[in-house]
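**Student:** prediction below, plus the sequence it came from.
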Amino acid sequence: MRKDIMIFVPMHNTKKSDAAEFMREAEAFRKLHHIDSECLRIIDNHKSKREMRRHVLDDVDMWGLTGVFFFCHGWESGIQLGISLSDVCAVAHSIGTNLQDTSVVVGLYCCSTGGTIGKKKQDETEPLGGDGGFADRLRDELCRVGAVDCRVLAHTVPGHTTKNPYLREFIGGGRPLGGSGGSWVIPPRHKPEFKAWRKLLRTDPTARFEIPFVSTGAIQRRVKDIM
């Protein structure tokens, strides 16, 4: 079983059965990728933000991680597990300091973390976006600590934790200072392709859980093939 990937989920529901849904999706993700059950960490979200953040930082500060994944609520300015924009330096340092090489995948299965600060409605036509938001800042700080080939995946608007088609990738691209914004995995302005992409995410759990470990080109080819 793999022990090079960490997964984080909240313990308690905050509305309806949200934590239960995050857990179901996270567990399906874990099983598909044969990740050790000890690597799925349940964070007590009745604790203070400081305590939640400390638990996350302690768990990712380990040798040889290739991926870190969060299944929880999110916003342009942070995620449910006590981590905000002011904490991305600490998170990036914990993730990046002990990497075996310059690459790591961070999957934010969280609403709006790939969005742009201050924008109530994201611009679907812009090829790059999310500059200054949570995912963008995390990519930049990962690059600064040496993970220059990192890849951060994040949704730009509220939606289902894994079926949300409004998905951007923020890549390091070998740049020690990061970049400006991220690009769409499937651009929403490409209506036929985006419709097929939405259907693929809704109907194929394997496809939506494989996204972090395949290239965007491979994803786009698959979408094109099913149209």
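**Tutor:** Yep, that arrived. Residues are numbered from 1 along each chain as shown.

**Student:** going forward, measure contacts between C-alpha atoms and count neighbours the same way
**Tutor:** OK.

**Student:** next, the residues that contact the longest helix along the chain from outside, please.
**Tutor:** Longest helix in the chain by number of residues (criterion: DSSP state H): helix 18-32. Residues outside helix 18-32 that contact it (Cα atoms under 8 Å, 6 or more residues apart in numbering) are 7, 9-13, 36-37, 40, 71-72, 161-162, 206, 209.

**Student:** ok, the residues you listed vs residue 93, which is closest?
**Tutor:** Nearest to residue 93 among the contacts of helix 18-32, counting by Cα to Cα, is residue 7 at 17.5 Å.

**Student:** and the closest one, how many neighbours does it have?
**Tutor:** 25 (other Cα atoms under 10 Å).

**Student:** beta partners of it?
**Tutor:** residue 40, residue 69 (DSSP bridges).

**Student:** ok, back up a step: buried residues, the longest helix of the chain. List them.
**Tutor:** By neighbour count, with 16 or more other Cα atoms under 10 Å as the criterion, the buried positions of helix 18-32 are 18, 19, 21, 22, 23, 25, 26, 27, 29, 30.

**Student:** also stretch 54-63?
**Tutor:** Buried, per 16+ other Cα under 10 Å, within stretch 54-63: 55, 56, 57, 59, 60, 61.

**Student:** now those as CSV including pLDDT and secondary structure?
**Tutor:** Below are those laid out as CSV (pLDDT from 0 to 100; DSSP: H, G, I helix; E, B strand; the rest coil):
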residue, pLDDT, secondary structure
55, 96, helix
56, 96, helix
57, 95, helix
59, 92, helix
60, 91, helix
61, 86, coil
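
**Student:** my guess is residue 92 meets residue 150, correct?
**Tutor:** No. Using Cα atoms under 8 Å, residue 92 is not in contact with residue 150; the gap is 10.6 Å.

**Student:** give the residues shared as contacts by those two.
**Tutor:** residue 142.

**Student:** which secondary structure elements does the helix or strand of the chain with the lowest mean pLDDT contact?
**Tutor:** Sorting the helices and strands of the chain by mean pLDDT, DSSP states H and E puts strand 128-129 at the bottom, at a mean of 81. With contacts taken as 3 or more Cα pairs under 8 Å, 6 or more residues apart in numbering; DSSP states H and E, strand 128-129 sits against strand 182-184.
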